[in-house]
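S.K.: Turn this into a structure:
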Amino acid sequence: MADLFDNTQDGAPVARPANRPLADRIRPARLSDVVGQEKLLGPEGPLGAMLAAGSLSSLILWGPPGVGKTTIARLLAQETERAFVQISAIFSGVADLRKVFDAAKLRFEQGRGTLLFVDEIHRFNKAQQDSFLPHMEDGTIMLVGATTENPSFELNAALLSRAQVVILDRLSLADLERLAQRAEQETGRALPLTAIARERLLEMADGDGRAALNLIEQVLSWKVTGKLDPEALSKRLMRRAAKYDKSGDEHYNLISALHKSVRGSDPDAALYWFARMLEGGEDPRFLARRLVRMAVEDIGLADPQAQTHALHAWETYERIGSPEGELALAQAVIYLALAPKSNAGYVAYKAARDLARRSGSQMPPAHILNAPTDLMKTQGYGAGYAYDHDAEDGFSGQNYFPDDMKRPVLYAPVERGFERELKKRVEWFSGLRSKRRGSDKT
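M.R.: Residues are numbered from 1 along each chain as shown. Purely as a prediction, here's the structure:
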């Protein structure tokens, strides 16, 4: 009957039904059994090293759903002989926290520690998060919080300073295959799938171990003859929707991947991330705006048509809508990815803004100031101005920076695309400027 009990709160055995879900039946009994997080739990990993040293601290487990956060917390409590208490930030309020802290304090006075596992800890507000601090500091509880959101954005600095953030990875196909083999061993049945269909099943889980086991349990319950191929599997199972939060980490992660793929001149990768965002329900208008930004920041004058192409794709989408308009955006993705790249204009703009902030209120040189009044003429406004159209080569070479400012170099075009031509022009004008200045001195 040992397998029907689970040591939970205060170590008291709690009976569990024999027909419990497969995911619960093969839940790891030791940290070494946890799949997919070896780099954290191994001897050289952060958790493994802390346990070996006997110096486990409060933790924030950050990772996607179904990668073992709850299981790891439970096993850490077992490993350190602490009472395991689990609450969810979704269903718990101030009164619930007070009861948990009071019980932990009583336990602490009796010589036993408490590992408090808080699922979805990022959903607690600032005051609720602050309520953990004194109990963490005096040793009443060891906090293990679980979150799918970036702790840097969602958790208080005070809480983060008292806990170590540990990042858990989504499970690979190899990890999910190990879970499948455990499930087959536990149930005594093999999945009735061909090798390719088996791989498709694991892909449907999208790196979520709990989802994988639920899918496996569903397939194992089918009464079929022979092995199902991918087509037969897809008729019986719907593909799990990819994880995507238009306002969360996935939004920022995927747009970063798209932007960097375009910058890296990889049209295939760029199209993939573009499609991932659309499949996740992203607003195509957001993607259209971002494409224009890519054209301005990463292509610039290396291909002056890139910005126009991105704007036209956006306009096309606005005129004809989805799904046809998304094709125009996809073609813009390809064009931008294959366009020559230069951020010289972007760098020059930022340098100019920085120089403008540092240079204060210096006046332009008097010779380029208009003199609409006699007083301004007597002050030398416009005196000595050389009209460029009258100069040799249509270029006077005069100074247009403040008199006391050393001439800076802000724009440095690259040897790519149309900027190769602009680089020639910059160098030509620079040579003429030096020549004219030399002749002025003689």
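S.K.: Tell me where the stretch 1-150 of the chain is predicted with low confidence.
M.R.: 1-18 (pLDDT under 70).
S.K.: So which residues of it form helices?
M.R.: All helices of the stretch 1-150 of the chain, identified by DSSP state H, counting those that start in this stretch, fall at 22-25, 38-41, 46-53, 69-80, 94-109, 126-130, 133-137.
S.K.: Not counting the longest one itself, show me its contacts.
M.R.: Helix 94-109 has contacts (Cβ atoms under 8 Å, 6 or more residues apart in numbering) with 10, 83, 85, 87, 113-114, 116, 128, 131, 135, 139-141. Glycine gets a C-beta too; all of them are placed from N, C-alpha and C.
S.K.: now the last one
M.R.: Contact with helix 133-137 is made by 58, 101, 104-105, 141-143, 158-159, 162-163, as judged by Cβ under 8 Å, 6+ apart.
S.K.: How about the second one?
M.R.: With Cβ under 8 Å, 6+ apart as the test, helix 38-41 has contacts from 31-32, 34, 45-48, 72, 166, 168-169.
S.K.: Buried subset of those as a PyMOL selection?
M.R.: In PyMOL syntax, the buried subset of the contacts of helix 38-41 is picked out as below (16 or more other Cβ atoms under 10 Å):
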select buried, resi 31+34+46+47+48+72+166+168
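S.K.: Could you single out the most deeply buried of the helices of the stretch 1-150 of the chain?
M.R.: Mean neighbours per residue, mean count of other Cβ atoms under 10 Å, is largest over the helices of the stretch 1-150 of the chain for helix 69-80, with a mean of 21.
S.K.: Now stretch 79-87: buried residues?
M.R.: Buried positions in stretch 79-87, judged by neighbour count with 16+ other Cβ under 10 Å: 82-87.
S.K.: Show me where the stretch 201-350 of the chain dips below the pLDDT cut-off.
M.R.: 239-249.
S.K.: mind listing the helices for it?
M.R.: 209-220, 230-236, 249-263, 267-279, 284-294, 305-320, 324-338, 344-358.
S.K.: Mind putting these into JSON lines with mean neighbour count and distance to Met376?
M.R.: Output for these, formatted as JSON lines (neighbours: other Cβ atoms under 10 Å; distance: least, Cβ to Cβ, whole Å):
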{"stretch": "helix 209-220", "mean neighbour count": "20", "distance to Met376": "76"}
{"stretch": "helix 230-236", "mean neighbour count": "14", "distance to Met376": "80"}
{"stretch": "helix 249-263", "mean neighbour count": "18", "distance to Met376": "49"}
{"stretch": "helix 267-279", "mean neighbour count": "18", "distance to Met376": "55"}
{"stretch": "helix 284-294", "mean neighbour count": "19", "distance to Met376": "42"}
{"stretch": "helix 305-320", "mean neighbour count": "18", "distance to Met376": "40"}
{"stretch": "helix 324-338", "mean neighbour count": "20", "distance to Met376": "48"}
{"stretch": "helix 344-358", "mean neighbour count": "13", "distance to Met376": "24"}
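S.K.: which one of those lies closest to Glu120?
M.R.: Closest approach to Glu120 among the helices of the stretch 201-350 of the chain (Cβ to Cβ): helix 249-263, 14.1 Å.
S.K.: For that closest one, what is the distance to the chain centroid?
M.R.: 8 Å (Cα atoms, centre = their mean, to the nearest Å).
S.K.: do the same with stretch 395-404
M.R.: Relative to its chain's centre, stretch 395-404 lies at 46 Å (Cα atoms, centre = their mean).
S.K.: Tell me which residues are up against that stretch.
M.R.: 359, 362-365, 367-368, 385-388, 391, 407-408, 429, 432-433, 435-437.
S.K.: can you list the domains in this structure?
M.R.: The chain breaks down into these domains under automatic domain parsing: 2-167, 173-236, 249-338, 363-441.
S.K.: how about TSV for those, with distance to Leu355 added?
M.R.: Conversion of those to TSV gives the following (distance: least, Cβ to Cβ, whole Å):
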stretch	distance to Leu355
domain 2-167	32
domain 173-236	48
domain 249-338	19
domain 363-441	6
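S.K.: of all these, which lies closest to Ala348?
M.R.: domain 363-441 (3.9 Å).
S.K.: Measure how buried Arg123 is and give me the count.
M.R.: By other Cβ atoms under 10 Å, 16 other residues sit near Arg123.
S.K.: which residues sit in contact with the nearest residue to it once chain neighbours are set aside?
M.R.: The spatial neighbour of Arg123 that comes closest, neighbours along the chain excluded (Cβ to Cβ, 6 or more residues apart in numbering), is Ala89 at 4.0 Å. Each residue near Ala89 by Cβ under 8 Å, 6+ apart is listed here: 118-124, 128.
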